[in-house]
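> Give me coordinates for this.
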Amino acid sequence: MLGALAGDIIGSRFEFHNYKGKDFDLFHPECCFTDDSVHTVALAESLLSGRDYGESLREYFRLYPKAGYGGRFRAWAAGPAEGPYNSFGNGSAMRVSPVGWYYDDLDAVLAAARASAAVTHDHPEGIKGAQAVAAAILLARQGRGKEEIRRFLGEKFGYRLDRTLDEIRPDYQFDVSCQGTVPPAFAAFFEAEDFEDAVRNAVSLGGDSDTLACIAGSLAEAFYGQVPGAIRREVFRRLDRRLARITREFLERTGRGASN
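Have a look, this model is predicted:
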């Protein structure tokens with residue numbers, strides 16, 4: 001979860017000003033949390049409290065109305081309590097990382113990821129994106145290698161995950177769909193040497209930079225075991241009191257308060 005927040009914050013200043021390189025300062029005065037972080041913490045709070053995912057997402061929208069939400073989510077969150085809107089956007093995948101940390105069983109992770117997505121993103125691609133990210137986090141936590149994770153994702157979800165960053169980057173454009181975001185984010189993770197490298201890889205693709213980095217960061221945290229201390233400190237500097245409090249509570253509940 002902390003890796004997702006780090007990726008979002010680092011990638012935030014590149015979302016509408018893409019930079020297709022890796023030689024950038026990780027943190028800059030323009031870096032801030034966006035809707036990716038707000039949604040992630042909302043789901044974490046739901047898991048901690050047992051509260052309905054939809055209720056938490058709507059509450060956090062009211063608390064952070066200017067975090068940069070998509071138009072369809074904004075209409076759903078601000079309007080009357082209605083059902084999902086058949087979205088296949090990448091929002092279901094960007095916010096799901098707490099699920100991959102909260103449960104230790106694959107079936108439970110897949111069920112919870114589906115439930116967390118379906119309150120808004122009930123299109124099959126929206127559900128698939130959330131399940132793939134959450135499942136990969138669990139497998140990484142369990143010590144599975146990258147090639148094993150890649151094979152599982154291909155067999156289970158049918159994603160094409162054989163393209164390299166150098167193959168994706170030249171023609172990659174802004175894409176807010178799950179199917180256009182999740183595989184490139186996985187590529188950024190698969191080619192990474194460490195946590196920081198995964199985030200830099202994701203930003204270097206261009207496109208929806210904060211969401212790509214959010215997803216890649218969530219995977220890298222699970223695989224490499226922690227978010228580096230210097231990055232952790234910068235993340236908490238940029239979270240407000242509520243977001244920081246829930247994040248710390250979630251890290252402690254999932255046994256990562258000391259190492260992260």
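
> so after whichever strand or helix holds residue 99, what's the next helix or strand?
If you go by DSSP states H and E, residue 99 is part of helix 97-102. Later in the chain than helix 97-102, the nearest helix or strand by DSSP H and E is helix 106-118.

> Can you give me the buried ones in that following helix?
Within helix 106-118, the residues that count as buried by 16 or more other Cβ atoms under 10 Å are 109-110, 112-118. C-beta coordinates here come from the backbone N, C-alpha and C atoms, glycine included.

> angle of the helix ranked longest in the chain against helix 106-118?
Longest helix of the chain, by residue count under DSSP state H: helix 124-141. For helix 124-141 against helix 106-118, the angle by axes from the mean of the first three to the mean of the last three Cα atoms, to 10 degrees is 140 degrees.

> Check which helices and strands helix 124-141 is in contact with.
Judged by 3 or more Cβ pairs under 8 Å, 6 or more residues apart in numbering; DSSP states H and E, the packing partners of helix 124-141 are helix 91-94, helix 97-102, helix 106-118, helix 146-157, helix 178-190, helix 209-224.

> for the ones you listed, which one sits closest to residue 199?
Among the helices and strands packed on helix 124-141, helix 209-224 comes nearest to residue 199, with 4.9 Å by Cβ to Cβ.

> Show me the residue at the heart of the protein, geometrically.
residue 94 (3.1 Å; Cα atoms, centre = their mean).

> on that earlier part again, for the helix holding residue 99, list the C-alpha coordinates in PDB.
Below are the C-alpha coordinates for helix 97-102, written out as PDB (Å, rounded to 0.1, in the frame of the first residue of the first chain):
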ATOM      1  CA  SER A  97      -3.200  -2.700  -3.200                       C
ATOM      2  CA  PRO A  98      -4.500  -2.900   0.400                       C
ATOM      3  CA  VAL A  99      -6.400  -6.100  -0.600                       C
ATOM      4  CA  GLY A 100      -3.200  -7.800  -1.600                       C
ATOM      5  CA  TRP A 101      -1.700  -7.100   1.800                       C
ATOM      6  CA  TYR A 102      -4.700  -7.700   4.000                       C
END
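
> any residues touching that helix, and which ones?
For helix 97-102, contacts defined as Cβ atoms under 8 Å, 6 or more residues apart in numbering pick out 1, 3-4, 40, 43-44, 47, 109, 112-113, 116, 130, 133-138, 141, 218, 221-222, 250, 253-254, 256.

> now the angle from the longest helix of the chain to helix 209-224?
Here the directions of helix 124-141 and helix 209-224 differ by 30 degrees (the same axes, to 10 degrees).

> Name the residues of helix 124-141 that come out as buried.
Within helix 124-141, the residues scored as buried using 16+ other Cβ under 10 Å are 125-141.

> just stretch 81-88 next, same as before
Neighbour-count burial for stretch 81-88 [16+ other Cβ under 10 Å]: 85, 87-88.

> and what of stretch 145-155?
Result for stretch 145-155 [16+ other Cβ under 10 Å]: buried residues 146, 149-150, 152-153.

> Just the residues contacting the lowest-mean-pLDDT helix or strand in the chain, thanks.
Least confident element among the helices and strands of the chain, by mean pLDDT, DSSP states H and E: helix 71-78 (a mean of 95). Helix 71-78 is contacted from outside by 35, 57-58, 61-62, 69, 82, 84-85, 87, 89, 91, 120, using Cβ under 8 Å, 6+ apart.

> Quick one: mean pLDDT over stretch 188-206.
For stretch 188-206, mean pLDDT rounds to 98.

> Can you show me the CA trace of stretch 84-91 as PDB?
Extracted in PDB, the C-alpha atoms of stretch 84-91 (Å, rounded to 0.1, in the frame of the first residue of the first chain):
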ATOM      1  CA  PRO A  84     -21.800   0.700 -10.400                       C
ATOM      2  CA  TYR A  85     -21.400   2.200 -13.800                       C
ATOM      3  CA  ASN A  86     -19.800  -0.600 -15.800                       C
ATOM      4  CA  SER A  87     -16.400   1.100 -15.900                       C
ATOM      5  CA  PHE A  88     -13.200  -0.600 -17.200                       C
ATOM      6  CA  GLY A  89     -11.100   2.400 -16.100                       C
ATOM      7  CA  ASN A  90      -7.800   1.900 -14.200                       C
ATOM      8  CA  GLY A  91      -9.200   3.200 -11.000                       C
END
